[in-house]
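Student: Pasted the sequence and its predicted model underneath.
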Amino acid sequence: MLKTLEYSIIHFFEHILQVHMEPVEELKGEFYGSSISVVEKSGREYNFYLFFSTEFLHLVSTIFIGEEDFQEDDRCDLVKECANQIVGYAKKLLNDAKGGDDEYKLGIPEYLGRIHNPNIILDQSLTYGFKDYCFRIGYCQ
């Protein structure tokens with residue numbers, strides 16, 4: 001699962017946003033969070049949590065819509081859309097590997113709001129950074 005997620009992150013950052021992020025150890029500061037689930041046909045559920053720094057969201061909004069005056073509602077929508085893009089692509093890759101379209105189903109993203117130093121216990125996670133842009137994604141079963 002983690003390798004598939006890593007490939008999906010590279011796809012989102014490098015192919016869509018055209019930003020090269022590097023793995024980092026720490027995540028500090030204020031973030032906006034979202035969660036989204038992927039459920040296997042067998043019923044096993046993976047709950048994904050994504051945390052985006054304020055700077056990262058500003059970068060994404062500038063790339064996608066060129067918006068400078070970004071409001072709280074806009075952050076909510078953007079965080080959920082990023083979760084859809086990243087985890088949705090991972091779900092597609094997992095289904096492709098299984099040879100069908102119905103092995104994994106994607107849930108509806110939820111907005112977790114503004115979070116200072118996210119400390120949700122995750123089974124596995126990946127953390128990336130570029131300049132002041134930070135991002136963490138992880139999951140638990």
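Tutor: Now that the structure is in, tell me what you want to look at. Numbers count the residues shown, from 1 in each chain.
Student: isn't Pro23 right up against Ser125?
Tutor: No: contact status for Pro23 versus Ser125: not in contact, 10.9 Å apart, counting by CB atoms under 8 Å. (Each C-beta comes from the backbone N, C-alpha and C, glycine too.)
Student: out of these two, which sits in the busier spot?
Tutor: Using other CB atoms under 10 Å, the more surrounded residue of Pro23 and Ser125 is Ser125, with 19 against 10.
Student: who touches the more buried one in this structure?
Tutor: For Ser125, the contact set (CB atoms under 8 Å, 6 or more residues apart in numbering) comprises Arg136, Ile137, Gly138, Tyr139.
Student: Run through the helices of this protein in chain order.
Tutor: Taking DSSP state H as the criterion, the chain carries its helices at 2-10, 54-64, 72-98.
Student: quick one: which of those has the weakest pLDDT on average?
Tutor: Lowest mean pLDDT of these: helix 54-64, a mean of 84.
Student: So which of the helices of the chain is nearest Gly107?
Tutor: helix 72-98 (8.8 Å; CB to CB).
Student: So which bits of the closest one are buried?
Tutor: Neighbour-count burial for helix 72-98, counted by 16 or more other CB atoms under 10 Å, picks out 75-76, 78-80, 82-95.
Student: ok, Glu26 to Asn117 distance?
Tutor: 10 Å (CB to CB, to the nearest Å).
Student: Touching the strand ranked longest in the chain from outside, list them.
Tutor: Across the chain, the longest stretch assigned as strand under DSSP state E is strand 30-40. The contact list for strand 30-40 (CB under 8 Å, 6+ apart) reads 45-54, 57, 75-76, 79-80, 82-84, 87, 90-91, 94, 103-118, 134, 136.
Student: now Phe12, nearest residue through space, not along the chain?
Tutor: Ile86 (5.0 Å; CB to CB, 6 or more residues apart in numbering).
Student: For that neighbour, give its distance to Gln71.
Tutor: Ile86 is 23 Å from Gln71, by CB to CB.
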